[in-house]
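> Give me coordinates for this.
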Amino acid sequence: MPGGPQPLEREQRLKLAREIAARAVEVREKNILATGLYGSTARGTDGPYSDIEILCVLDTPDEDYDHEWVHGLWKAEINFLSKNVLLAKAAEVDERWPLTHGAFCNVLAFHDPQNFFTILRDVVLSQPPERFSEAIRGCIIFELYEMIGKLRNAQYRHNTAYFPAIALHMAANGAYIIGLANCYHYTTASRIHAESLALPHRPNGYDELCHLVMSGDLRDPQHINDLCETFWSGVEQWAVEQGIDFEEARKIPF
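Take a look at the predicted model:
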């Protein structure tokens with residue numbers, strides 16, 4: 001039998017999660033506000049090798065720590081977070097929001113007498129549109145603009161070995177801006193490309209780049225270059241259509 005994770009039935013995984021959460025209640029006693037499972041097991045999309053991810057919400061202020069470990073056949077993580085810290089995290093909208101914040105909206109509660117996880121979900125989903133626009137702008141500037149520059153440098157230096165990594169990065173960040181534009185939470189990192197293709201408001205050129213990345217056939221440097229450049233042109237036009245000016249700072253902004 002190879003090392004690493006081994007298959008577990010879903011009911012076994014849930015049983016272990018409940019045991020870990022119960023242990024957390026024993027350790028923190030009266031500080032516990034709520035406990036629940038997040039991730040694929042909470043959503044019911046877990047596979048036989050999925051890990052266990054647990055939220056433990058505390059009524060004491062400003063705590064944020066976790067334990068992550070491997071025990072035999074499985075891996076587990078438990079995050080101890082104060083209520084104020086967790087609500088602050090839930091209110092954040094950044095470039096990876098479509099991938100990270102679904103965890104706050106799909107918690108399988110073990111202990112939640114005050115319906116805290118409903119409040120948590122409402123905080124995630126009640127952020128104003130301008131925060132999503134700012135996150136999209138940040139993703140275009142900090143990720144896509146930078147990557148198209150790296151692509152052009154690699155082309156200039158004949159470093160085509162870097163092209164596949166650039167294609168992967170640009171496709172992933174394309175999925176993020178599409179998710180942000182639609183306020184959509186991807187179910188898991190392995191599904192962001194497939195799910196993004198089902199969403200509206202996609203930049204021109206994204207579909208072709210996304211299908212290339214999903215195919216895994218990244219052997220043709222010129223084809224990669226052409227698709228990335230086409231997608232970048234699509235992003236520029238798409239940003240205008242979305243009312244996002246990522247070139248507004250035409251002088252030093254401080």
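
> all contacts plus neighbour counts: C-alpha atoms, from now on.
OK.

> for stretch 246-254, how far is the first residue from the last?
16 Å (C-alpha to C-alpha, to the nearest Å).

> tell me the mean pLDDT over it?
In this model, stretch 246-254 has a mean pLDDT of 69.

> next one: stretch 202-210
98.

> Once you drop chain neighbours, what's closest to the residue most central in space within the chain?
In the chain, the residue lying closest to the centroid (C-alpha atoms, centre = their mean) is residue 99, at 2.1 Å. Nearest residue to residue 99 in three dimensions, chain neighbours excluded: residue 186, at 5.3 Å (C-alpha to C-alpha, 6 or more residues apart in numbering).

> Please enumerate the helices of the protein.
Per DSSP state H, the chain carries helices over the ranges 10-28, 40-43, 83-90, 97-100, 102-105, 116-125, 129-139, 146-156, 163-181, 192-196, 206-215, 221-241.

> nearest to residue 74, of those helices?
helix 10-28 (8.7 Å; C-alpha to C-alpha).

> Show me what counts as buried in that closest one.
10, 13, 14, 17, 18, 20, 21, 24, 25 (16 or more other C-alpha atoms under 10 Å).

> now stretch 48-67
49, 50, 51, 52, 53, 54, 55, 56, 57, 58, 63.

> right, and the pair among those with maximum separation?
Every pair of the buried residues of stretch 48-67 checked by C-alpha to C-alpha; the farthest is 49 and 63, at 30.2 Å.

> picking up where we left off before, got the buried residues of stretch 48-67 as CSV, with distance to residue 160 columns?
Conversion of the buried residues of stretch 48-67 to CSV gives the following (distance: C-alpha to C-alpha, whole Å):
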residue, distance to residue 160
49, 35
50, 35
51, 37
52, 39
53, 39
54, 42
55, 43
56, 46
57, 48
58, 50
63, 46
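
> These into JSON lines, with extra columns for distance to residue 145 and pLDDT?
JSON lines is the format used below for those (distance: C-alpha to C-alpha, whole Å; pLDDT from 0 to 100):
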{"residue": "49", "distance to residue 145": "36", "pLDDT": "93"}
{"residue": "50", "distance to residue 145": "35", "pLDDT": "93"}
{"residue": "51", "distance to residue 145": "35", "pLDDT": "93"}
{"residue": "52", "distance to residue 145": "36", "pLDDT": "95"}
{"residue": "53", "distance to residue 145": "34", "pLDDT": "96"}
{"residue": "54", "distance to residue 145": "36", "pLDDT": "97"}
{"residue": "55", "distance to residue 145": "36", "pLDDT": "98"}
{"residue": "56", "distance to residue 145": "38", "pLDDT": "98"}
{"residue": "57", "distance to residue 145": "38", "pLDDT": "98"}
{"residue": "58", "distance to residue 145": "40", "pLDDT": "98"}
{"residue": "63", "distance to residue 145": "36", "pLDDT": "97"}
